[in-house]
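Student: Attaching a predicted model along with its sequence, questions to come.
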Amino acid sequence: MLHPKNTEIYFTLNTGAKMPALGLGTANEIEQIPETKQAVKAAIKSGYRLIDTAWAYRCEDRVGEALKELFEEGAIKREDIFITTKVWPTHWDIASDSISRSLENLGVEYVDLVLQHWPLCFNRVEDKDGVDGIARNPTHLDGSANINEEGDYLSTYKQLEKMYLAKDPRFKAIGVSNYPLDYLQRLLKECRVVPAVNQVEIHPQLPQMELRDFCTEHGIRLESYSPFGATGSPLTKNALMQKLAEKYSCTPNDILLAYNIRQGVVTVPRSVNPKNIVANIEFISLTKEDSSVLNKYGLENSQRFRNEKFAESIPGFREN
Ligand SMILES: NC(=O)C1=CN([C@@H]2O[C@H](COP(=O)(O)OP(=O)(O)OC[C@H]3O[C@@H](n4cnc5c(N)ncnc54)[C@H](OP(=O)(O)O)[C@@H]3O)[C@@H](O)[C@H]2O)C=CC1
Ligand SMILES: O=C1O[C@H](CO)[C@@H](O)[C@@H]1O
């Protein structure tokens, strides 16, 4: 295929399953949550086959409504799409319950991939404005994260592993998210099941080269979140992205997606705008040389755009 669309490209996971290279992100801003349903419908109708969601996004039910209608309309079959959901750190010790809740929200019998959302253990604190009545980011009075000090972040993955080895029918593969290299090293020492995926922030200002080499060596597929630099897509205003967009007669968004996909990294841009959702399908044959230019640029101009305060509780996270 000389000029595929991003939606036609698939990568193989260490389970043997094929994962679409492009998916729709659904970490919508709170006021945009009701728009999730039409966004998912627009994405699937324009060829997307991967939906990235999470209990913490408060929109799994909207994703579920969209899927139900798409199934009823005959637009898509369950087996033709890849759904990812995630276990938030409030559920670090009850991963199975979290998966059941997500399936109920999504209205499906299984997901294709369950990720441990963060290598952290939060205390469950009641909050009427939280998710299912639980504070999503529980904090102490000084603003620091309310971490369960007895919790071990690896315990969540170990629960997923146990269910996976017992052939739990509720999911097809397990993985992690926001795992730095040294955390993955520990996981590989203590667990038998190599994560299928590690979903982290990756873009030309955060190329994650060392993590990438490590994951390639161990058969862990990397997945890029915030490919545009999150809300307002600041990376599209970057002078280098604009210069490359001019060179390839495309948009900076196209360059940012090609940057990941051309290097074997799955990516899940978020949009609730049908025009942007369709635009993000465009595949650009970014050369190896230009990918290297972007990797080098990132090493010299490193910037993380998603800055969760609780990430301070992961030693070294911010320096990556
Ligand atoms: N595992 C984790 O911890 C995390 C996972 N994620 C996942 O990654 C996904 C993507 O990352 P996210 O941080 O949300 O942000 P992105 O980097 O995908 O950027 C989203 C922004 O880009 C805009 N946009 C999208 N397409 C276009 C386009 N073609 N032209 C112009 N603007 C565009 C959107 O606006 P508009 O809606 O108007 O198009 C939105 O404001 C999340 O939704 C989530 O699924 C994200 C963060 C952390
Ligand atoms: O996946 C995620 O999205 C958010 C925002 O909801 C974020 O930081 C979290 O890890």
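Tutor: Cool, got the structure. Ligands and ions are numbered 1, 2, ... in the order given.
Student: So G229 is in contact with P204, correct?
Tutor: No: no contact is recorded between G229 and P204 when judged using Cβ atoms under 8 Å, the distance being 9.6 Å. C-beta coordinates here come from the backbone N, C-alpha and C atoms, glycine included.
Student: For D93, give me its contacts.
Tutor: For D93, the contacting residues are 121, 148, 151, 155-156, 159, by Cβ atoms under 8 Å, 6 or more residues apart in numbering.
Student: ok, now D52?
Tutor: Neighbouring residues of D52 by Cβ under 8 Å, 6+ apart: 23-26, 84, 199, 223, 225, 268.
Student: and those residues near ligand 1, which?
Tutor: Intersecting these with the contacts of ligand 1 gives 25-26, 199, 225, 268 (criterion: Cβ under 6 Å from any ligand atom).
Student: which stretches of the protein have low pLDDT?
Tutor: Scanning the chain for pLDDT under 70 picks out the ranges 1-2, 319-320.
Student: Show me the residue of it that gets nearest to ligand 1, please.
Tutor: The minimum distance from the chain to ligand 1, using Cβ to the nearest ligand atom, falls at G25 (2.5 Å).
Student: The closest residue to that residue other than its chain neighbours - how many residues pack around it?
Tutor: In this structure, G25 finds its nearest non-sequential neighbour in R270, 3.3 Å apart by Cβ to Cβ, 6 or more residues apart in numbering. When neighbours are defined as other Cβ atoms under 10 Å, R270 has 26 of them.
Student: Could I get the contacting residues of R270?
Tutor: Neighbouring residues of R270 by Cβ under 8 Å, 6+ apart: 24-28.
Student: Out of those, which comes closest to T139?
Tutor: Sorting the contacts of R270 by how near they are to T139, with Cβ to Cβ, puts A27 at the top with 19.7 Å.
Student: wait, what's in contact with the closest one?
Tutor: Under the criterion of Cβ under 8 Å, 6+ apart, the contact partners of A27 comprise 54, 57, 225, 270.
Student: Mind doing that once more with 6 Å?
Tutor: Neighbouring residues of A27 by Cβ atoms under 6 Å, 6 or more residues apart in numbering: Y57.
Student: In the contacts of R270, which residue is surrounded by the most others?
Tutor: Each of those was scored by neighbour count (other Cβ under 10 Å); the top score is that of T26, with 28 neighbours.
Student: For the nearest residue to it once chain neighbours are set aside, give me its contacts.
Tutor: In space, not counting the residues next to it along the chain, T26 is nearest to T53; the distance is 4.6 Å by Cβ to Cβ, 6+ apart. If a contact means Cβ under 6 Å, 6+ apart, then T53 has 26, 60, 63, 85 as its contacts.
Student: Turn those into TSV, including secondary structure and distance to S46.
Tutor: TSV is the format used below for the contacts of T53 (DSSP: H, G, I helix; E, B strand; the rest coil; distance: Cβ to Cβ, whole Å):
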residue	secondary structure	distance to S46
T26	coil	16
E60	helix	21
V63	helix	16
T85	strand	22
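Student: and the residue nearest to T26, how far is that from L113?
Tutor: Summarising the geometry, the distance separating T53 from L113, computed by Cβ to Cβ, to the nearest Å, is 11 Å.
Student: do R270 as well
Tutor: If you measure R270 against L113 using Cβ to Cβ, the figure is 17 Å.
Student: go on, T287?
Tutor: Relative to L113, T287 is positioned 31 Å away (Cβ to Cβ).
Student: So for these two, which sits in the more crowded spot?
Tutor: L113 (26 against 13).
Student: hang on, the earlier thing: so how do I select the buried members of the contacts of T53 in ChimeraX?
Tutor: The buried residues among the contacts of T53 can be selected in ChimeraX (16 or more other Cβ atoms under 10 Å) with this line:
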select :26,60,63,85
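Student: any chance of the contacts of T53 in a markdown table, plus distance to ligand 2?
Tutor: Compiled in a markdown table, the contacts of T53 are given as follows (distance: Cβ to the nearest ligand atom, whole Å):
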| residue | distance to ligand 2 |
| --- | --- |
| T26 | 9 |
| E60 | 13 |
| V63 | 14 |
| T85 | 11 |
